[in-house]
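Student: Please find the sequence and the predicted model below.
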Amino acid sequence: MTQVTDQRSVAPSRPIRSWSSPAPLRPSPDFGPLDTARGWLVTAFLTALAAVTRFTMLNYPTDAGTPVFDEKHYAPQGYQILTGGGVEDNPAYGLVVHPPVGKQLIAFGEALFGYNGWGWRFSAALAGTVLVLLVIRIVRRMTRSTMIGAIAGLLLIADGVTFVSSRIGMLDIFLALFATAAFGCLIVDRDQVRERMARVDVEGRMRDSPLGPRLGVRWWRFGAGVMLGLACGTKWSGLYFIAAFGLLSVCFDFAARRGYRVRRPWIGTALRDIGPSLYALVLVPIGVYLATYWAWFASESGFSRWAVGSEVGTGGFFSFVPDALRSLWYYSAKVLTFHEELTNSAGNHHPWESKPWTWPMGLRPMLYYYADSGVTGCGQNQCVKAVMLVGTPAIWWIAFPVLAWALWRTIVRRDWRYAAVLTGYAAALLPWFITLDRQMYFFYAVPLAPFLVMGVALVLGDILGPARRVPVPRGPTGTFMAAPPTERYRLGLLIVSLYMGLVIANFIWLWPILTAMPITPGNWQDHLWLPSWR
């Protein structure tokens with residue numbers, strides 16, 4: 001008898017099948033999806049589609065050939081990096097307020113295309129395209145389904161937040177990319193840990209120590225540390241992901257040891273996993289972060305590069321610290337002071353600022369560009385054009401039901417996939433509630449988008465359900481054939497298909513205000529669905 005199933009219904013076949021203990025006492029030997037060729041074909045197609053949407057007319061719009069919105073900070077700083085020995089000075093403020101990685105990436109595009117829209121936006125578009133690829137592969141691995149991975153990729157392609165962020169020379173898309181890459185590395189690391197545990201169990205060595213086996217070198221976790229260092233080297237909010245993903249990695253390790261019936265999983269995790277996790281997810285990011293300042297360390301004129309003596313001091317408990325690191329500490333303290341003083345109570349207000357409780361549904365978007373003078377091409381005498389950072393409502397407006405379902409699946413069903421996605425989502429959102437007086441903007445929520453899309457894709461996978469095909473007898477020979485999908489699966493497929501159609505239609509409707517297409521003033525007003533969008 002044969003049974004035809006979708007990958008989401010049973011664990012895929014693997015060489016490891018003999019267990020030293022009864023099968024019910026061990027996790028399913030499932031260490032990743034197996035449809036490699038199909039998975040990469042789907043990934044390549046959707047990544048190419050993302051590239052078309054991100055790179056088409058990338059140099060439009062500009063402000064008479066100059067950057068728009070906060071590009072006015074980062075595009076010149078990138079060019080300073082390119083032409084000034086690798087460092088920037090931000091003369092408008094007299095202080096560089098973010099680490100260098102994002103501006104170094106902008107400088108890369110400017111080196112290729114020059115100081116123009118293509119130059120200062122190229123790296124952002126590339127990052128937004130790679131982000132789609134990562135989300136496809138991550139969700140595919142978590143669900144063991146290429147279909148659900150493809151759904152996640154389509155959702156991210158049609159998300160207005162990541163779309164606009166991929167087409168403007170700012171830092172947030174790079175932070176989202178590195179945080180998502182770190183998350184993906186930990187998901188692969190989880191699978192590899194379980195594969196190693198299964199091998200130890202097959203070989204009968206699981207009981208050699210009450211702490212369980214040592215898991216060896218884990219390069220994917222090391223890679224996560226590198227990505228987290230680059231995230232912090234883009235914006236300091238990457239620190240929140242270090243804390244969240246460090247906890248997530250340790251929880252993965254504990255779950256693996258308990259799942260394979262290690263006699264003392266808590267102690268085994270504490271003694272054999274926490275130390276290496278601190279190295280890979282704390283020390284490695286610190287080292288990478290310091291390395292991102294390589295040009296500043298080598299410079300003669302970088303801001304506060306020689307802040308020693310009266311500014312930093314030469315004695316005291318930390319006198320053993322090299323002057324270069326003491327100067328960086330002083331520099332970082334000045335940056336921290338700048339951010340701490342950027343508060344509403346100090347009189348800092350902006351017409352488009354927002355608070356984090358509005359971010360999950362995107363209730364207060366961000367207007368990046370608007371022009372109503374000399375605009376033509378809409379078919380009427382008066383035209384306008386605009387670029388607004390706004391989340392596609394069909395995705396963002398269901399955030400709270402998705403989060404509620406994810407919490408239920410995590411707490412009641414112990415579904416690790418939802419727990420992992422919630423961890424990334426919380427790291428991108430919750431820390432901002434600590435400093436509500438600070439001036440904030442919706443573009444701080446860009447790192448939310450990949451994790452929101454992952455959560456929506458997981459929910460759609462639950463709605464779709466497993467494509468179980470029950471074998472039925474065929475003919476007098478006793479052979480069997482696969483029955484068609486169940487009615488429940490067909491209904492789920494219909495719901496998912498209708499929802500995906502709604503998302504794509506919603507994205508197409510928003511296209512004019514995401515790309516600065518000339519439209520009539522009335523059409524512009526029609527696109528502003530909520531009073532808070534105005």
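Tutor: Structure received.
Student: ok, Asp89 touching Arg305?
Tutor: No - look at Asp89 against Arg305 with C-beta atoms under 8 Å: they stay out of range, at 10.7 Å. Glycine gets a C-beta too; all of them are placed from N, C-alpha and C.
Student: Neighbour count for those two, which is higher?
Tutor: The residue with more neighbours, out of Asp89 and Arg305 and counting by other C-beta atoms under 10 Å, is Arg305; that gives 20 against 16.
Student: wait, what's in contact with the more buried one?
Tutor: By C-beta atoms under 8 Å, 6 or more residues apart in numbering, the residues touching Arg305 are Trp296, Phe297, Ser299, Ala324, Ser327, Tyr331.
Student: ok, 7 Å please
Tutor: Applying C-beta atoms under 7 Å, 6 or more residues apart in numbering to Arg305 gives the contacts Trp296, Ser299, Ser327.
Student: Relative to Val321, how far out is it?
Tutor: Distance, Arg305 to Val321, using C-beta to C-beta, to the nearest Å: 15 Å.
Student: The helix or strand harbouring Leu156 - contacts with which helices or strands?
Tutor: Assigned by DSSP states H and E, Leu156 belongs to helix 146-157. In terms of contacts (3 or more C-beta pairs under 7 Å, 6 or more residues apart in numbering; DSSP states H and E), helix 146-157 is packed against helix 36-55, helix 117-143, helix 448-464, helix 487-515.
Student: hang on, Tyr370 in a helix?
Tutor: No - looking at Tyr370 with DSSP: H, G, I helix; E, B strand; the rest coil, it is strand, so not inside a helix.
Student: Point out where the stretch 101-250 of the chain drops to low pLDDT.
Tutor: Nowhere does the stretch 101-250 of the chain drop to pLDDT under 70.
Student: quick one, helices of it?
Tutor: For the stretch 101-250 of the chain, helices defined by DSSP state H, counting those that start in this stretch occupy the ranges 101-113, 117-143, 146-157, 160-165, 172-202, 219-232, 238-259.
Student: Out of those, which gets nearest to Leu58?
Tutor: Nearest of the helices of the stretch 101-250 of the chain to Leu58, taken as C-beta to C-beta: helix 117-143 at 5.2 Å.
Student: tilt between that closest one and helix 101-113?
Tutor: 120 degrees (axes from the mean of the first three to the mean of the last three C-alpha atoms, to 10 degrees).
Student: ok, now which ones touch the spatially most central residue of the chain?
Tutor: Geometric centre of the chain, nearest residue: Thr180, 3.2 Å, by C-alpha atoms, centre = their mean. Going by C-beta under 7 Å, 6+ apart, Thr180 touches Leu131, Leu134, Val135, Pro450.
Student: quick one: which of the residues you listed has the most company?
Tutor: Within the contacts of Thr180, most neighbours by other C-beta under 10 Å means Pro450, with 32 neighbours.
Student: Wait, it touches Leu177, no?
Tutor: No - contact criterion C-beta atoms under 7 Å: Pro450 and Leu177 do not qualify, at 8.7 Å.
Student: Name all residues that make contact with the residue nearest to Leu422 when sequence neighbours are not counted.
Tutor: Counting by C-beta to C-beta, 6 or more residues apart in numbering, the nearest residue to Leu422 once its immediate chain neighbours are dropped is Ala406, at 5.4 Å. If you count contacts by C-beta under 7 Å, 6+ apart, Ala406 has them with Tyr418, Val421, Leu422, Gly455.
Student: mind checking how far Cys320 is from Arg326?
Tutor: Not quite, residue 320 is Phe, not Cys. 10 Å.
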